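Undergrad: model this:
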Amino acid sequence: MRWLLILGIAITAVAMATAVAPATSQEPQASGIEREKLYFAGWDPDEPVPAYVYYKKGNKAMPVVFFLHGMGGSKDSNVQRMQEWAGKGLFVVAIDAHLHGERRVPGLGPQGKNLGALGTDYAIWLHQSSVSHTARDVSKVIDALSARSDVDLSRIGVAGISMGSSTCMVLAWKEPRISVIVGMIGAVDFWYDVTKTPPGKEQDAKRDALSPRVRQLVSSIDPLDRKAAIAPKALFLANGAKDQIDIESIKKFVKDLQPSYKEHPDRLMLLEEPKTGHSVTERMWTEGATWLVRHLVEKSIRLPASPR
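TA: The predicted model follows:
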């Protein structure tokens with residue numbers, strides 16, 4: 001038996017891992033937009049995945065979009081954006097990442113101003129564990145959504161910011177049921193990101209100074225050497241040129257991907273904001289939403305909906 005859903009505040013149900021059921025929302029909603037609070041069975045069967053789902057009332061066969069927040073955030077982040085996306089015909093699933101939101105463990109989490117810069121065993125482990133575990137959770141939630149009659153699992157996208165964007169990049173190469181990716185202010189070269197050092201002897205020295213478990217964890221999910229598994233999915237990346245996440249590494253990643261998109265050049269895009277640091281601009285939000293609608297609604301990229 002496993003926890004699967006908790007309806008409302010205190011109603012619980014124990015059932016098969018694919019069950020999904022509605023719950024009432026106590027927050028004011030945009031006109032015509034429903035919000036349900038759900039708890040899904042995740043990768044760890046003993047750790048439910050808290051989520052809000054947003055959708056336009058009465059819609060059927062909606063494409064699914066997962067929204068993945070950044071480090072220190074939660075499913076409660078960017079509620080208005082999620083409502084706007086739902087208003088465009090998307091079934092939006094905003095989840096708490098591992099070790100975040102309702103899944104937060106007291107004593108674990110941002111401790112000090114420089115955690116976002118990573119670099120230490122603790123900070124890297126926390127960040128990369130959240131990325132790895134949450135990516136696995138998303139795959140399990142896709143399984144669970146098969147119980148809903150109002151979603152179309154042949155059309156699935158993921159979108160995220162910062163740490164959530166890095167999780168999107170893991171799903172881009174790892175989860176074959178996802179066809180559209182929107183990554184904002186995230187990394188594509190995880191070793192560059194966690195060491196803040198370009199490839200070379202200095203980065204190698206920093207890697208060697210880390211614990212074996214942390215080295216194994218980063219290498220196990222790094223998308224840099226797994227680019228071949230991404231095309232022909234529709235990939236949109238948006239980053240600031242002044243971000244601590246190196247923009248040149250992202251440009252190179254996209255350039256290296258271009259031959260794989262020879263038959264679908266419209267499915268690969270990098271938006272660079274020249275005056276922006278580690279923040280999501282209005283243009284990023286707007287063009288990211290447009291990308292999701294274009295490839296999931298207007299010119300749908302459909303993949304088999306069956307489980308892996």
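Undergrad: distance between stretch 230-238 and the chain's centre?
TA: Centre-to-centre, stretch 230-238 and its host chain are 13 Å apart (Cα atoms, centre = their mean, to the nearest Å).
Undergrad: tell me how far the ends of that stretch are from each other?
TA: One end of stretch 230-238 sits 17 Å from the other (Cα to Cα, to the nearest Å).
Undergrad: who touches it?
TA: Applying Cβ atoms under 8 Å, 6 or more residues apart in numbering, the contact partners of stretch 230-238 are 165, 172-173, 178-186, 188, 223, 250, 253-254, 257, 260-261, 263-264, 267-273, 280-281, 283-284, 287-288, 291, 294-295, 301. (C-beta placed from N, C-alpha, C; glycine too.)
Undergrad: if I look at the residue nearest to residue 275 when sequence neighbours are not counted, how far off is residue 276?
TA: Leaving aside its chain neighbours, residue 275 sits nearest to residue 242 (6.7 Å; criterion: Cβ to Cβ, 6 or more residues apart in numbering). Going from residue 242 to residue 276 by Cβ to Cβ, to the nearest Å gives 6 Å.
Undergrad: more crowded one of the two?
TA: When neighbours are counted by other Cβ atoms under 10 Å, residue 276 comes out ahead of the other of residue 242 and residue 276, with 19 against 13.
Undergrad: am I right that the more buried one is in contact with residue 240?
TA: Yes. Contact criterion Cβ atoms under 8 Å: residue 276 and residue 240 qualify, at 3.1 Å.
Undergrad: show me the helices in the stretch 101-250 of the chain, by range?
TA: With DSSP state H, counting those that start in this stretch as the criterion, the stretch 101-250 of the chain has helices at 121-145, 163-174, 190-195, 201-208, 212-221, 247-257.
Undergrad: which one of those lies closest to residue 70?
TA: Of all these, it is helix 163-174 that lies closest to residue 70, at 5.0 Å by Cβ to Cβ.
Undergrad: what about the nearest residue in space to residue 124 that is not next to it in sequence, neighbour count?
TA: Nearest residue to residue 124 in three dimensions, chain neighbours excluded: residue 194, at 4.7 Å (Cβ to Cβ, 6+ apart). When neighbours are defined as other Cβ under 10 Å, residue 194 has 26 of them.
Undergrad: please apply the same query to residue 148.
TA: The local packing of residue 148 (other Cβ under 10 Å) involves 19 other residues.
Undergrad: tell me the pLDDT at it?
TA: The score at residue 148 is 94. That number is its pLDDT.
Undergrad: pull out the buried residues from the lengthiest strand in the chain.
TA: What stands out as the longest strand in the chain, according to DSSP state E, is strand 151-161. Neighbour-count burial for strand 151-161, counted by 16 or more other Cβ atoms under 10 Å, picks out 151, 152, 153, 154, 155, 156, 157, 158, 159, 160, 161.
Undergrad: identify the farthest-apart pair in those residues.
TA: It's 154 and 161 that sit farthest apart of the buried residues of strand 151-161, by Cβ to Cβ, at 26.0 Å.
Undergrad: any idea how far residue 73 is from residue 242?
TA: Computed as Cβ to Cβ, the residue 242 to residue 73 distance reads 21 Å.
Undergrad: please apply the same query to residue 51.
TA: Going from residue 51 to residue 73 by Cβ to Cβ gives 14 Å.
Undergrad: those two - which one has more neighbours?
TA: With neighbours defined as other Cβ under 10 Å, residue 51 and residue 73 compare such that residue 51 has more, 26 against 20.
Undergrad: helix, strand or coil for the more buried one?
TA: Secondary structure assignment for residue 51 (DSSP: H, G, I helix; E, B strand; the rest coil): strand.
Undergrad: who does it bridge with?
TA: residue 38, residue 95 (DSSP bridges).
Undergrad: contacting residues for it?
TA: When the contact criterion is Cβ under 8 Å, 6+ apart, the partners of residue 51 are 37, 38, 39, 40, 75, 93, 94, 95, 96, 141.
Undergrad: so which of the residues you listed is the closest to residue 61?
TA: Checking the contacts of residue 51 against residue 61 with Cβ to Cβ, the nearest one is residue 93 at 15.7 Å.
Undergrad: confirm residue 63 sits in a helix?
TA: No. According to three-state DSSP, residue 63 belongs to no helix; its state is strand.
Undergrad: dig out what it forms beta bridges with.
TA: residue 152.
Undergrad: with that, I have no additional questions.
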